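A.B. asks: Next comes the sequence, and after it the predicted model I'd like to discuss.
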Number of protein chains: 2
Amino acid sequence: MSDFDDVTAIRRRDGSGSYDADLHPGWAIVGKPNGGYLLAILARAACDVVDTPDPLAVSAHYLRAPSAGPVEVRAEALRHGRRVSTSRASIWQGGKPCIEALVTSGALVHDAPIEWNSAPAPTVPPPEECVASYNPHFDVELFDHIELRVDPVTAPFPVATGEPVIRFWFRLRDGSDPDVRTVLLAADCGPPTVFNLERIGWAPTVELTTLVRGLPAPGWLLVEARAHHLAGGWFDEEAAVWDSTGRLVAQACQLALAAET
Amino acid sequence: MSDFDDVTAIRRRDGSGSYDADLHPGWAIVGKPNGGYLLAILARAACDVVDTPDPLAVSAHYLRAPSAGPVEVRAEALRHGRRVSTSRASIWQGGKPCIEALVTSGALVHDAPIEWNSAPAPTVPPPEECVASYNPHFDVELFDHIELRVDPVTAPFPVATGEPVIRFWFRLRDGSDPDVRTVLLAADCGPPTVFNLERIGWAPTVELTTLVRGLPAPGWLLVEARAHHLAGGWFDEEAAVWDSTGRLVAQACQLALAAET
């Protein structure tokens, strides 16, 4: 059991699609649980309710940011299929829905033959030559539990690079290897890429979809996040996650709102 | 009223979040209504139920392909917000859910200032120098209603290019200009990009998320679709849509299953 398994644990209430969970204050940014962490909890309930091992596509719409503490996770099977199943999951706190998700899940095959790949892992200096993640402006409790080593040419601090791209190595600080849920966290745990455009501040995610493309090998994950278009305050952020063998294991895309300049 | 407005019309049942709609047999591929067409119907109900003009992020999970004919569209408001609202929408046929979607919606601003863009429209020959869309293997009824002009270097027929990228111009055949829902159709109306890897056949979409980034100007839309990774039969397909002024108006990503070779 990794720490991440512990903090994403769900306890099913008898005879229902409702689960209890506790949002850990340490997996947060200024007191608000990280979006990728919440996605992992949703995926866990969504898979449990249709009895599948692996989330394949997780789409979450963020209604309001929950606080650390107890939450209810509601899950409902929408379709049981031979190859994939679909379910709905949501996180509730104080009687209000906080995040709604749709999840298609099934069983990923270890080392499925790669028939095409045009998304090779980018070239990044090894972790020991990258810079430790930090944020001089606000408290990122999450960094006590995950270790990010940021490619120096993409690091937003101390000086914004002018290009909304951030690449980093990722691992859990407790030494455990990544699993299928860890990649959901990895795909949404870095600083918002718009920090590199000097849009520093809270950048709420409105929608985040993550596709899990493979089961990660042990070791570091490598993440590249990139925004393509920022207009009227709205930006997209695309992320790709590779495992230590260079295999693509996740792809994510989100719509978020940048802090005002 | 465009033909597309007509075929995406929804009629609200009294005092409920249920709507009646008719899936038109002409907006289909081998009898199965196109996924982007279905997305536009879902977005319409999802916006109606929270009284917003524009879908911003639409995430749909495809459970089973509906047939042409009458369907029920169920929509439910999840949160009414000042800037954005969130709703759930689903299409039902024969008492079974076919597509489930989550939609964040609000009001898009015409010509919002572009603060960053690294996704310029690709260079493609003008429509008259591109090739008309056709499919020698099966019947694409949809092409009677939309006109695609495919960049010859990316056209999958008569010979697969070997690279899963397809670029094309798009317009409605009735001569009407694109609107916010047309871009949802445009983002998912081309041949599957894996046709260029000789994976010809039905490529069912499992999950499709489209972000609407702007209101399109009159004229042709330009679409580029690209798959990055095909493994174990699963592929991603990313699409971007630009309007006639070169402005990015939509981004989409889907997870789909390729036909067996």
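C.D. replies: Good, I have the coordinates.
A.B. asks: residue in the stretch 1-150 of chain A nearest to chain B?
C.D. replies: Of the stretch 1-150 of chain A, the residue with the smallest distance to chain B, taken as C-beta to the nearest C-beta, is A:A112 at 3.1 Å. C-beta coordinates here come from the backbone N, C-alpha and C atoms, glycine included.
A.B. asks: which residues sit in contact with that residue?
C.D. replies: For A:A112, the contacting residues are A:214, B:231-234, by C-beta atoms under 8 Å, 6 or more residues apart in numbering or on different chains.
A.B. asks: what's in contact with stretch A:82-91?
C.D. replies: For stretch A:82-91, contacts defined as C-beta under 8 Å, 6+ apart pick out A:21, A:38, A:41-43, A:45-47, A:49-52, A:56, A:66, A:71-79, A:97-106, B:61, B:63, B:100, B:206.
A.B. asks: coming back round to it: and the residue of the stretch 1-150 of chain A closest to chain B, helix, strand or coil?
C.D. replies: coil (DSSP: H, G, I helix; E, B strand; the rest coil).
A.B. asks: Over to it: give its phi and psi.
C.D. replies: Dihedral angles phi and psi of A:A112 (degrees, to the nearest 10) take the values phi -60, psi 140.
A.B. asks: for A:I200, same thing?
C.D. replies: With angles defined as degrees, to the nearest 10, A:I200 sits at phi -90, psi 130.
A.B. asks: Which stretches in the stretch 151-261 of chain A count as helices?
C.D. replies: Along the stretch 151-261 of chain A, the stretches classed as helices by DSSP state H, counting those that start in this stretch are A:182-186.
A.B. asks: excluding its backbone neighbours, what's nearest the closest residue to chain B within it?
C.D. replies: Using C-beta to the nearest C-beta, the closest approach of the stretch 151-261 of chain A to chain B is made by A:G232 at 3.0 Å. The shortest distance from A:G232 to any non-neighbouring residue, by C-beta to C-beta, 6 or more residues apart in numbering or on different chains, is to B:A112 (3.0 Å).
A.B. asks: max-length helix in chain A?
C.D. replies: Ranked by residue count under DSSP state H, the longest helix found in chain A is helix A:35-50.
A.B. asks: now that helix, how far from the chain's geometric center?
C.D. replies: Between the mean C-alpha location of helix A:35-50 and the chain-wide mean there is a distance of 11 Å, by C-alpha atoms, centre = their mean, to the nearest Å.
A.B. asks: And the pLDDT for A:A68?
C.D. replies: A:A68 is assigned a pLDDT of 97 by the prediction.
A.B. asks: And the one 5 residues further on, by the same measure?
C.D. replies: Here the pLDDT value assigned to A:V73 is 98.
A.B. asks: Assumed it was part of a strand.
C.D. replies: Yes. Going by three-state DSSP, the assignment for A:V73 places it inside a strand.
A.B. asks: Count the residues that sit near A:R11.
C.D. replies: With neighbours defined by other C-beta atoms under 10 Å in any protein chain shown, the count for A:R11 comes to 10.
A.B. asks: I meant A:G36, not that one.
C.D. replies: The criterion is other C-beta under 10 Å. On that basis, A:G36 has 26 neighbouring residues.
A.B. asks: Next: A:P218.
C.D. replies: Burial of A:P218 is recorded as 11 neighbouring residues (other C-beta under 10 Å).
A.B. asks: ditto for A:P192
C.D. replies: Residue neighbour count, defined by other C-beta under 10 Å, stands at 26 for A:P192.
A.B. asks: likewise the one 4 residues further on?
C.D. replies: A count of nearby residues for A:N196, using other C-beta under 10 Å, gives 23.
A.B. asks: And A:R12, by the same measure?
C.D. replies: Taking other C-beta under 10 Å as the neighbour definition, A:R12 ends up with a count of 15.
A.B. asks: With adjacent residues omitted, what lies nearest to it?
C.D. replies: A:Y19 (5.2 Å).
A.B. asks: who touches that neighbour in this structure?
C.D. replies: Contact criterion C-beta under 8 Å, 6+ apart gives A:10-13, A:45, A:48, A:72-75 as the residues in contact with A:Y19.
A.B. asks: Go again with 7 Å.
C.D. replies: The neighbours of A:Y19, taking C-beta atoms under 7 Å, 6 or more residues apart in numbering or on different chains as the test, are A:10-13, A:45, A:73, A:75.
A.B. asks: Give me the distance from the helix or strand containing it to the chain's centre.
C.D. replies: Secondary-structure assignment from DSSP states H and E places A:Y19 in strand A:18-23. With C-alpha atoms, centre = their mean as the basis, the distance from the averaged C-alpha position of strand A:18-23 to the chain average is 18 Å.
A.B. asks: before we move on, what about stretch A:110-129?
C.D. replies: On the basis of C-alpha atoms, centre = their mean, stretch A:110-129 sits 18 Å off its chain's mean C-alpha point.
A.B. asks: Could you list the buried residues of it?
C.D. replies: For stretch A:110-129, the neighbour count (16 or more other C-beta atoms under 10 Å in any protein chain shown) marks A:112, A:115-116, A:119, A:121, A:124, A:127 as buried.
A.B. asks: Repeat that for stretch A:75-94.
C.D. replies: A:75, A:78-79, A:84-93.
A.B. asks: next one: stretch A:252-261
C.D. replies: Buried-residue list, stretch A:252-261, by 16+ other C-beta under 10 Å: A:252-258.
A.B. asks: What is the nearest of those to B:I200?
C.D. replies: Nearest to B:I200, judged by C-beta to C-beta, of those is A:C253 at 27.2 Å.
A.B. asks: Was I right to think that closest one contacts A:A240?
C.D. replies: No. Counting by C-beta atoms under 7 Å, A:C253 does not reach A:A240; the two are 10.0 Å apart.
A.B. asks: re the thing from before, who touches the residue of the stretch 151-261 of chain A closest to chain B in this structure?
C.D. replies: Contacts were defined as C-beta under 7 Å, 6+ apart; by that measure A:G232 touches B:109, B:112-113.
A.B. asks: And A:M1, by the same measure?
C.D. replies: With contacts defined as C-beta under 7 Å, 6+ apart, A:M1 is in contact with no residue.
A.B. asks: Local confidence estimate at it?
C.D. replies: 80.
A.B. asks: For A:E115, which non-adjacent residue is spatially closest?
C.D. replies: B:L230 (4.3 Å).
A.B. asks: Name all residues that make contact with that neighbour.
C.D. replies: Residues counted as contacts of B:L230 (C-beta under 7 Å, 6+ apart) are A:115-116, B:194, B:197, B:258.
A.B. asks: Who is it paired with across the strands?
C.D. replies: Listed beta-bridge partners, B:L230: A:W116, B:F235 (assigned using DSSP bridges).
A.B. asks: From B:T8, how far out is it?
C.D. replies: 32 Å (C-beta to C-beta, to the nearest Å).
A.B. asks: Let's have the buried residues of stretch A:110-129 in JSON lines, adding pLDDT and distance to A:L221.
C.D. replies: Putting the buried residues of stretch A:110-129 into JSON lines (pLDDT from 0 to 100; distance: C-beta to C-beta, whole Å) gives the following:
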{"residue": "A:A112", "pLDDT": "92", "distance to A:L221": "18"}
{"residue": "A:E115", "pLDDT": "96", "distance to A:L221": "23"}
{"residue": "A:W116", "pLDDT": "97", "distance to A:L221": "22"}
{"residue": "A:A119", "pLDDT": "97", "distance to A:L221": "14"}
{"residue": "A:A121", "pLDDT": "98", "distance to A:L221": "10"}
{"residue": "A:V124", "pLDDT": "98", "distance to A:L221": "12"}
{"residue": "A:P127", "pLDDT": "97", "distance to A:L221": "11"}
